[in-house]
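Novice: take a look and give me a structure for this.
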Amino acid sequence: MQRVTCYRACRLLLIVSGFSIRSALAQNIGSSATPSASPSPTPIVFSERTLAGLKQLQQAALSSDYAFREVAHLSNNIGPRLTGSAQASKAVEYVAAEMKAIGCQVQLEKVIVPHWVRGEETAALMQFPGQAEGTTQKIVLTALGASIATPLEGIKAEVVCVRDFEELKSLPREKVFGKIVLFNRAFDERMAAQGHGGEAYGQAVVYRSDGPSAAAKLGAVACLVRSVGGADYRLPHTGQTKYEDGAPKIPAAAVTAEDADLIAALTREGAVKMKLVLTPQILPDGESANVIADIKGSEQPEQVVIVSGHLDSWDLGTGAIDDGAGVAVSMEAAHLIQHLHLKPKRTIRVIAWMNEENGSAGSKTYAKDHASEFTNHFAAIETDGGAGHPLGINIKGKPEVKAMFSPVGKVLQDSGAGILSFAEHAGADIEPLEKAGVPAFAPIQDSRFYFNYHHTAADTLDKIVPDELQENAAVIAVLSYALANMEQPLPR
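Specialist: Numbers count the residues shown, from 1 in each chain. Sure, this is the predicted structure:
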């Protein structure tokens, strides 16, 4: 027992002695070395003054009717703004004048744009199973942008209905040659109803863009696509098609979802013959412009934050949600910053893009003219998803950006828009900047109903809820000023 106690005492003494020696050695080494620096503080991303400015902008936007008045004028007073039209030109003049009136430095940057004009568009089923003698059935449709015309007397041909590209490719050429092909690929309304309208659109829109060339390669004389959007009201949805180089060009149109179902049902019973008349014209290219409106930065004016929407629209409706709303909230951001006498450190550049819908000439021209300045483009924002309630901000950038923007998310949470999420793409017009590595942003918007009206005659001012437009304006104003006043650079 005593031996055990002695052993434990000796062992404890050795342990303590070893600890003392190690401590002494560590102290001795430390005393001969340079004292270690204290941990550096976390870099400040947004100053208290900037955060206060963000809250001011948010509250001002939520009580301002400026954005609504601007989109009302664009959609009601000017109307549809298809590229090359007199209304598109008038819209350029109007936005430039409004931006000058609030003190921005404004310039019009020349853009050469296509000029496609919609003509007559009619269709009817001339022969179908169960037909009463001497009757036809009207089909509601609209020509796709860039479509060529049918002969003046129209086309009379049998309709072949397919669901997708795979089904078309499975058909022998003789089953397609000389026929009108209908792609009956449905827009996923349930997906849209769950808040994923953009994803549903992406799945279906490929048939609008690529369908006509795919059908033409097999000898089809015309192509119809089921409208890319919500159904229920027999509204055709227009949009641009894309003819493949080397493939024959054939007339192309979108039919309503209801008429697509009608044709599909009848073709299952027997032969269906249609008469189709489309008379669009492709006129010579014309001159238009992007509207560029700058609030010069007080400290780093060479660095630019783009805040944008596209000014052109399709011609069926009045372009309120696509994209008068995006232009209006971008204008509102500049208006509020000027009204509150805030001083952005970097230049805030409002851009009303021309020709997003049928060619993207505005963004392509800007990329060409400003490519050498892209290293000084700090960030880019685009709003082109309507005017539904915003939930937060989509980020196309490095993972660190989300953490840096946490204080901005906290400010926006007061209006229900505090989500920060990564996205593969932020906007069509800012895509050249995205590809150059410029961090890109867009509001996350409620998309459940947007595609019911998108590219239709129902895209009118009444679809905009003023309070929700104000919420979008708050997001864009806060985001643009936050980017302009960051204390740290954004990673690329």
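Novice: ranges for the helices of the stretch 251-400 of the chain?
Specialist: For the stretch 251-400 of the chain, applying DSSP state H, counting those that start in this stretch gives helices covering 257-269, 325-339, 361-370, 400-404.
Novice: buried sites along the first one?
Specialist: So that's helix 257-269. 257-260, 262-264, 266-267 (16 or more other C-beta atoms under 10 Å). In this view, the C-beta of every residue, glycine as well, is placed from N, C-alpha and C.
Novice: picking up where we left off before, mean pLDDT and distance to A484 for the helices of the stretch 251-400 of the chain - can I get that in a markdown table?
Specialist: Shown next, in a markdown table, are the helices of the stretch 251-400 of the chain (pLDDT from 0 to 100; distance: least, C-beta to C-beta, whole Å):
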| stretch | mean pLDDT | distance to A484 |
| --- | --- | --- |
| helix 257-269 | 98 | 44 |
| helix 325-339 | 98 | 8 |
| helix 361-370 | 98 | 18 |
| helix 400-404 | 95 | 14 |
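Novice: V95 is in contact with A328, isn't it?
Specialist: No: with contact defined as C-beta atoms under 8 Å, V95 does not reach A328; the gap is 9.5 Å.
Novice: list residues touching both of the two?
Specialist: Contact criterion C-beta atoms under 8 Å, 6 or more residues apart in numbering; residues shared by V95 and A328: L74.
Novice: give me the more crowded residue out of those two.
Specialist: Higher neighbour count among V95 and A328: A328, with 32 against 25, using other C-beta atoms under 10 Å.
Novice: which residues does stretch 430-437 contact?
Specialist: Under C-beta under 8 Å, 6+ apart, the answer for stretch 430-437 is 306, 308, 363-364, 366-367, 371, 374, 377, 380-382, 396, 425-426, 438, 440, 492.
Novice: of those residues, grab the buried ones for ChimeraX.
Specialist: Those of the contacts of stretch 430-437 that count as buried under 16+ other C-beta under 10 Å are selected in ChimeraX with:
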select :306,308,363,366,367,374,377,380,381,382,396,426,438,440
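Novice: ok, now how distant is G418 from Q105?
Specialist: 33 Å (C-beta to C-beta, to the nearest Å).
Novice: so those two - more neighbours on which side?
Specialist: Neighbours per residue (other C-beta under 10 Å) separate G418 from Q105, with G418 holding more: 17 against 13.
Novice: the more buried one contacts G392, correct?
Specialist: Yes: between G418 and G392 there is a contact under C-beta under 8 Å: 5.8 Å.
Novice: what's the overlap in contacts for the two?
Specialist: Contacts common to G418 and G392, judged by C-beta under 8 Å, 6+ apart, are 409, 412.
Novice: returning to what we had before: turn the buried residues of helix 257-269 into TSV, columns for distance to T318.
Specialist: Converted to TSV, those look like this (distance: C-beta to C-beta, whole Å):
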residue	distance to T318
A257	23
E258	24
D259	24
A260	26
L262	29
I263	30
A264	32
L266	35
T267	36
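Novice: burial measure for T347, as a count.
Specialist: 22.
Novice: how about the nearest residue to A247, chain neighbours excluded?
Specialist: S213 (4.2 Å; C-beta to C-beta, 6 or more residues apart in numbering).
Novice: quick one: contacts for the one you found?
Specialist: Contacts of S213 (C-beta under 8 Å, 6+ apart): 242-244, 247.
Novice: doesn't it fall inside a strand?
Specialist: No: S213: not assigned to a strand; according to DSSP: H, G, I helix; E, B strand; the rest coil it is helix.
Novice: local confidence estimate at it?
Specialist: Predicted confidence (pLDDT) for S213: 98.
Novice: quick one, domains of this structure?
Specialist: Domains of the chain are assigned by automatic domain parsing as 48-116+284-484, 119-279.
Novice: tell me which of those domains sits most buried.
Specialist: When you average the neighbours per residue for each of the domains of the chain (mean count of other C-beta atoms under 10 Å), domain 48-116+284-484 leads with a mean of 21.
Novice: for it, how far is the first residue from the last?
Specialist: 15 Å (C-alpha to C-alpha, to the nearest Å).
Novice: list the contacts of the residue nearest to G195 when sequence neighbours are not counted.
Specialist: Nearest non-adjacent residue to G195, counting by C-beta to C-beta, 6+ apart: R448, 6.0 Å away. Residues in contact with R448 (C-beta under 8 Å, 6+ apart) are 192-195, 197, 388.
Novice: got CSV for the residues you listed, with distance to A146, secondary structure and pLDDT too?
Specialist: Shown next, in CSV, are those (distance: C-beta to C-beta, whole Å; DSSP: H, G, I helix; E, B strand; the rest coil; pLDDT from 0 to 100):
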residue, distance to A146, secondary structure, pLDDT
A192, 26, helix, 95
A193, 31, helix, 94
Q194, 32, coil, 93
G195, 31, coil, 91
G197, 24, helix, 94
G388, 29, coil, 97
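Novice: among those residues, which pair sits farthest apart?
Specialist: Q194 and G388 (14.0 Å; C-beta to C-beta).
Novice: ends of stretch 357-376, what's the gap?
Specialist: For stretch 357-376, the end-to-end distance is 27 Å (C-alpha to C-alpha).
Novice: outside of it, which residues touch it?
Specialist: 82-83, 109-114, 116, 145-146, 239-240, 288, 290, 302-304, 310, 312-314, 351, 353-356, 377, 428-433, 436, 438.
Novice: and the longest strand along the chain, what does it pack onto?
Specialist: Under DSSP state E, the strand in the chain containing the largest number of residues is strand 281-295. Where contact means 3 or more C-beta pairs under 8 Å, 6 or more residues apart in numbering; DSSP states H and E, strand 281-295 is packed against helix 86-101, strand 105-117, helix 325-339, strand 346-353, helix 361-370.
Novice: I am finished for the moment; much appreciated.
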